[in-house]
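A.B. asks: below are the sequence and a predicted model; questions follow.
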Amino acid sequence: MEEIQKKIDSGLALPIMEHFYTIQGEGRNNGEAAYFIRLAGCDVGCVWCDVKESWDADQHPVLSVEEIVEDAVATNSPNIVITGGEPAMYDLSVLTEKLKQENLKVWMETSGAHPITGSWDWICFSPKKFKKPLDEAYDKAHELKVVIANRNDFKWAESHAKKVGSDCELYLQPEWSREEKLLPKIIDYVKENPKWKISLQTHKYMNIP
Ligand SMILES: C[S@@+](CC[C@H](N)C(=O)[O-])C[C@H]1O[C@@H](n2cnc3c(N)ncnc32)[C@H](O)[C@@H]1O
Ligand SMILES: Nc1nc2[nH]cc(C(=O)O)c2c(=O)[nH]1
Ligand code: SF4
Ligand SMILES: [Mg+2]
């Protein structure tokens with residue numbers, strides 16, 4: 001048991017909820033084939049989180065980085081998305097290094113509430129009210145993707161947009177369970193504020209993972 005924890009602490013093994021080859025459904029890389037690795041464990045606690053089964057790491061198996069990378073390579077996907085749960089809870093230096101050795105593009109989905117380790121081709125930063133992001137997330141983000149769950153969230157989204165780099169792409173994504181209500185408001189907002197783009201969870205329309 002202790003041995004496993006030591007391996008997790010050094011990033012040699014990680015708790016995995018699921019892994020699947022699909023189409024990136026959100027944000028800038030929407031539409032691209034990508035192999036998803038969903039790490040287990042999250043301490044952020046978003047009330048509308050669409051993958052609450054990921055929160056408790058103890059409910060999921062721990063795999064060695066070698067096993068994880070072997071499965072990823074076997075799919076032939078050129079792109080790998082590391083998500084969760086909150087992937088930044090773990091040291092991802094070894095995992096990203098090994099994936100890059102295989103010439104794979106490595107992308108991350110994070111709330112920015114934990115330090116970001118590893119080397120990344122694309123970081124999608126999605127800040128949350130439920131746990132404050134670290135300053136480093138604003139500097140490292142290639143994409144800021146704010147979930148809009150109610151009308152007041154536009155102001156909140158702007159407060160984050162002020163803090164990211166000038167090259168960071170800005171996306172507003174409707175909270176899925178309220179999408180019908182929120183989408184018209186987001187459309188109006190983007191027409192008024194065209195520095196933002198809309199991100200829909202297109203995989204949910206396509207009925208794919
Ligand atoms: C499940 S999270 C995992 C990665 C990381 N914990 C995070 O929140 O960025 C993956 C993406 O789904 C978004 N998301 C989660 N629940 C959602 C929902 N109900 N509606 C829209 N987007 C959601 C998150 O904001 C994040 O961009
Ligand atoms: N197809 C697909 N695209 C995604 N983009 C971000 C996701 C995530 O849960 O991190 C996700 C996901 O769960 N499925
Ligand atoms: S940070 Fe991500 S995984 Fe964690 S609760 Fe929020 S949406 Fe879910
Ligand atoms: Mg998802």
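C.D. replies: Yes, it's here. Residues are numbered from 1 along each chain as shown. Ligands and ions are numbered 1, 2, ... in the order given.

A.B. asks: make it CA atoms for all contacts and neighbour counts henceforth
C.D. replies: Will do.

A.B. asks: next, count neighbours for the closest residue to Cys46 other than its chain neighbours.
C.D. replies: Spatial nearest neighbour of Cys46, chain neighbours left out: Phe130 (6.0 Å); criterion: C-alpha to C-alpha, 6 or more residues apart in numbering. The local packing of Phe130 (other C-alpha atoms under 10 Å) involves 13 other residues.

A.B. asks: show me the contacts for Phe130.
C.D. replies: By C-alpha atoms under 8 Å, 6 or more residues apart in numbering, the contact list for Phe130 reads Val44, Gly45, Cys46.

A.B. asks: walk me through which strands the strand of greatest length in the chain pairs with, and which way each runs.
C.D. replies: Using DSSP state E to assign secondary structure, the strand with the most residues in the chain is strand 13-23. Paired with strand 13-23 in the same sheet, following DSSP bridges, are strand 33-39 (antiparallel), strand 62-64 (antiparallel).

A.B. asks: ok, the closest residue to Lys163 other than its chain neighbours to ligand 1 distance?
C.D. replies: Nearest residue to Lys163, sequence neighbours excluded (C-alpha to C-alpha, 6+ apart): Tyr138, at 6.0 Å. Note on Tyr138: its distance to ligand 1, by C-alpha to the nearest ligand atom, to the nearest Å, is 13 Å.

A.B. asks: quick one: what helix or strand has Tyr138 in it?
C.D. replies: Using DSSP states H and E, Tyr138 sits within helix 135-140.

A.B. asks: please identify the buried residues of that helix?
C.D. replies: Ala137, Tyr138, Lys140 (16 or more other C-alpha atoms under 10 Å).

A.B. asks: next, count neighbours for the closest residue in space to Glu102 that isn't next to it in sequence.
C.D. replies: Nearest residue to Glu102, sequence neighbours excluded (C-alpha to C-alpha, 6+ apart): Val73, at 7.5 Å. By other C-alpha under 10 Å, the residues close to Val73 number 17.

A.B. asks: would you mind finding the longest helix in this structure?
C.D. replies: Longest helix in the chain, counting residues (DSSP state H): helix 179-192.

A.B. asks: alpha carbons only: can I get that one in CSV?
C.D. replies: The C-alpha coordinates for helix 179-192 follow below in CSV (Å, rounded to 0.1, in the frame of the first residue of the first chain):
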residue,chain,number,x,y,z
GLU,A,179,-27.7,24.8,-21.9
GLU,A,180,-31.1,25.5,-23.5
LYS,A,181,-31.6,28.5,-21.2
LEU,A,182,-28.0,29.8,-21.3
LEU,A,183,-27.1,29.4,-24.9
PRO,A,184,-29.1,32.4,-26.2
LYS,A,185,-27.5,34.6,-23.5
ILE,A,186,-24.0,33.4,-24.5
ILE,A,187,-24.7,34.0,-28.2
ASP,A,188,-25.8,37.6,-27.4
TYR,A,189,-22.8,38.1,-25.2
VAL,A,190,-20.2,36.9,-27.8
LYS,A,191,-21.8,39.1,-30.4
GLU,A,192,-21.3,42.1,-28.1
